[in-house]
Every structure is written in structure tokens, then in C-alpha cells.
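> coords please:
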Amino acid sequence: MYISSIYNVGDHMNIIISNSSGVPIYEQIVSQIKEQIMNGELKEGDALPSMRALAQSIRISVITTKRAYEELERDGFIESFTGKGSFVKAQNTELLREEYLRQAEELLAQACDKAHKAGASAQELHDMLDLIYNGD
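Numbers count the residues shown, from 1 in each chain. Now for the predicted structure:
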């Protein structure tokens, strides 16, 4: 059974947590906040909920939110200030480009795996990609 919950955790932010996805909750938080930053839903200077407020909103451990925020800060998406909170950091366009390319590589690896299982050749896969990419 697929169980997920949508949490409104601030003026700008919703988080969807799936208990059955097999992905750790902190990774779900990280990927969703990154996505919201990359697509402009969260903008430079926007305040994130405190770790404690996010944990209470989503009904998870503060340790989990701390781990998510630490990863977001390490990856250059947010910055945290003692006593003030965590904020969306000004984004380096090269960093965003690299993140999108990394995500595209993951999806292409999955597509290659499926094509291989279906017995499709690399050329057939390339032709499919050309059609999809060019919108024909």
C-alpha cells in the first residue's frame, strides 16, 4: 500500500512524505527542497522553517530534519545562521546546472536499464531520446 502525506510547512513550502517509497525521510526532504529551489518556488533569502518546526509539522524527529538541513547546506542550497535560522542561499547557476545534469544522468541510467531489459539497442534508445528531446 502506497502511503504518503502532504505537509504545508510554510508560506512557500510543501513536503510530501512517503512511508512506503523505500527512500529515507531526510532524503525525501532534501530532494523536495532542492527541487523547490531549482524551479524557483523557493527564492534566495526565503526562510526555511526551523528544524524543530519542520519536525513538528511533518511529525518526525528533529535529528532527521537536522540531517536534511546539513546536507542542503553542504550542497550549497541553504545557509544557516545560529539564532537566526536557515535561508535559501543565492544559487550559483553552474551548481544548479550540475544538479540538473546529475538528475538527468540518474534518469537516463534507469531508461537504459529498462531499454536493455526490453532488448532495445543503443541506437533504438538514441532514436527515442531524439524524438522525445526534439518533441517530434
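> tell me the phi and psi of the most centrally placed residue in the chain?
Using CA atoms, centre = their mean, the residue of the chain that lies closest to the mean C-alpha position is S31, 1.7 Å off. With angles defined as degrees, to the nearest 10, S31 sits at phi -60, psi -40.
> from G83, how far off is it?
Using CB to CB, to the nearest Å, S31 is found at 28 Å from G83. (C-beta placed from N, C-alpha, C; glycine too.)
> can you check K66 too?
For K66, the distance to G83 - CB to CB - is 16 Å.
> what about those two, which has more around it?
Shown here are K66 and G83; by other CB atoms under 10 Å, K66 has more neighbours (15 against 4).
> just the pLDDT for that one.
Looking at K66, its pLDDT stands at 96.
> please parse the chain into its domains.
Listed domain ranges for the chain are 4-88, 93-134 (source: automatic domain parsing).
> out of the ones you listed, deepest packed?
domain 4-88 (a mean of 16; mean count of other CB atoms under 10 Å).
> give me the distance from that domain to the chain's centre.
How far domain 4-88 lies from its chain's middle: 9 Å, per CA atoms, centre = their mean, to the nearest Å.
> which pLDDT value does the model give the residue lying closest to L125 once chain neighbours are set aside?
Excluding its sequence neighbours, the residue lying closest to L125 (CB to CB, 6 or more residues apart in numbering) is A115, at 4.5 Å. With respect to pLDDT, A115 has a value of 91.
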